[in-house]
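Colleague: whatever this is, show me its structure:
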Amino acid sequence: MIGEREAPRQCLRRWLDAALAAVAPQSCVPPALPEPPERGRTVVVGAGKGAAAMAAAVEAAWPGPLSGAVVVPYGHAAATRSVEVLEAGHPVPDEAGAAATERLLERLDGLGEVDLALVLLSGGGSALLTAPAPPLDITAKQALSRELLRSGAPIDAINTVRRHLSAVKGGRLALRAYPARVATLIISDVPGDDPATIASGPTAGTTTTPETARQVLHRYGVAIPPAAAAALAQGAPPQPGDLRLARVEHRVIAGAQDALQAAAQAARAEGVAPLVLGDAIEGEAREVGRVIAGIGRACTRWATPVAPPCVLLSGGETTVTVRGDGRGGRNTELALAAALALEGRDGYHLLSADTDGIDGSEDNAGAIVGPETLDRARAAGLGAQACLDSNDSYRLLQATGDLLHTGATLTNVNDFRALYIP
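Modeller: Below you'll find the model as predicted:
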């Protein structure tokens, strides 16, 4: 059993590190590589927070020559030899992303049936692959992306809109590589691990329609600009049965469940019983925090669904409906809500973090809260409920010293949460 005062925080961090190691590109890319082409070229393209590290892992294991380009958020580059690494804006697309996407697509031009397009996708790829469908331009797409991100829409709904307002998403990247063979390796940050959803499915056909995108915008109160309406009227991306997608293969090489199982194994080795609640838990961040806290209280009172000492593990992506003008991402908001729900519970500690190392647009991955968090907040003159009401979780947890900083991890399997119960 964990005994020392600071030990719970240290254990939670070790279990997070074990989770991240299991889904790091150097661990999961080499075993999943496809057979090289017998006579043709291999061109590597990709996008996402882990795309550069994935490209480096490909280079270390590939038996022949390579070329290509990948797009990553600023600060997520990795050293590569043959594959060009381009940096761009995330989560809101920018001009650099548009230029990088066009450069990436040009690498696919001229491929033939004997060639291989090796596509590397990870979380963040949707915002980075920026090729607005005419007549939409990058400025209008940036404004629409900001509105969607503030609306509280879940990521799959946001990506549905992105897919239908893009010249590269929804299978259109694969059409650019046609008639080459296409092998797509995916580190999934999407509940369900659907290739059509991850990074908005640049190599996968979609069953959604322009009307689906219109319905999403209407449901979340986002006005449709004239240029977006005109782009939606241009037609739909290819369907899954499109013959031009017949030589496309998808391999999900890592996901949230892999990270959770690795953390469970690490906790079990330290004498703490793990319980994985699920890898696809979604909803408002503050509500999910309260629910996890409630399950924790049941463990203490009834020894169910697992007896202490234990750790409740979960993954998935929550959302935040912005009502205030404070700072903070979904993981700090979840952690603050859980701290409020667990006030007075000695020994409880919760880690909530984005596995890419960036919680929303802040500089932290998330937070680790414990029994002293709210006392430290009060000593700093901050009211926890008031900060939660104004979406100001970052400021409070910065003042209490509970923010968690990992730096860019160069992978992304969505959020990781661990509640330790003594």
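Colleague: what about the strands in the stretch 1-150 of the chain?
Modeller: Assigned by DSSP state E, counting those that start in this stretch, the strands in the stretch 1-150 of the chain fall at 42-47, 67-73, 83-88, 116-121.
Colleague: now render those as TSV, adding mean neighbour count, distance to Glu362 and mean pLDDT.
Modeller: Every C-beta, even on glycine, is put in place using the N, C-alpha and C of the backbone. Formatted as TSV, those follow (neighbours: other C-beta atoms under 10 Å; distance: least, C-beta to C-beta, whole Å; pLDDT from 0 to 100):
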stretch	mean neighbour count	distance to Glu362	mean pLDDT
strand 42-47	29	22	98
strand 67-73	25	14	97
strand 83-88	21	19	98
strand 116-121	28	24	98
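Colleague: among the ones you listed, which is nearest Ala204?
Modeller: strand 116-121 (9.9 Å; C-beta to C-beta).
Colleague: that closest one: how far from the chain's middle?
Modeller: 19 Å (C-alpha atoms, centre = their mean, to the nearest Å).
Colleague: what are the pairing partners of that strand, and which direction each?
Modeller: Sheet pairing here is set by DSSP bridges, and for strand 116-121 it gives strand 42-47 (parallel), strand 181-187 (parallel).
Colleague: can you pull out the strands in the stretch 301-422 of the chain?
Modeller: For the stretch 301-422 of the chain, the strands defined by DSSP E, counting those that start in this stretch cover 310-316, 318-319, 349-354, 366-369, 403-404, 415-421.
Colleague: include mean neighbour count, distance to Ala204 and mean pLDDT when you put those into a markdown table, please.
Modeller: What follows is the strands of the stretch 301-422 of the chain, written out as a markdown table (neighbours: other C-beta under 10 Å; distance: least, C-beta to C-beta, whole Å; pLDDT from 0 to 100):
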| stretch | mean neighbour count | distance to Ala204 | mean pLDDT |
| --- | --- | --- | --- |
| strand 310-316 | 24 | 21 | 97 |
| strand 318-319 | 22 | 24 | 92 |
| strand 349-354 | 30 | 24 | 98 |
| strand 366-369 | 30 | 30 | 98 |
| strand 403-404 | 24 | 34 | 98 |
| strand 415-421 | 27 | 23 | 98 |
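Colleague: any weak-confidence spans in the stretch 201-350 of the chain?
Modeller: Counting by pLDDT under 70, the stretch 201-350 of the chain shows no low-confidence range.
Colleague: quick one: contacts for the closest residue to Glu317 other than its chain neighbours?
Modeller: Excluding the flanking residues, the one nearest Glu317 by C-beta to C-beta, 6 or more residues apart in numbering is Asn414, at 4.8 Å. For Asn414, the contact set (C-beta atoms under 8 Å, 6 or more residues apart in numbering) comprises 123, 189-191, 256, 315-317, 354-355.
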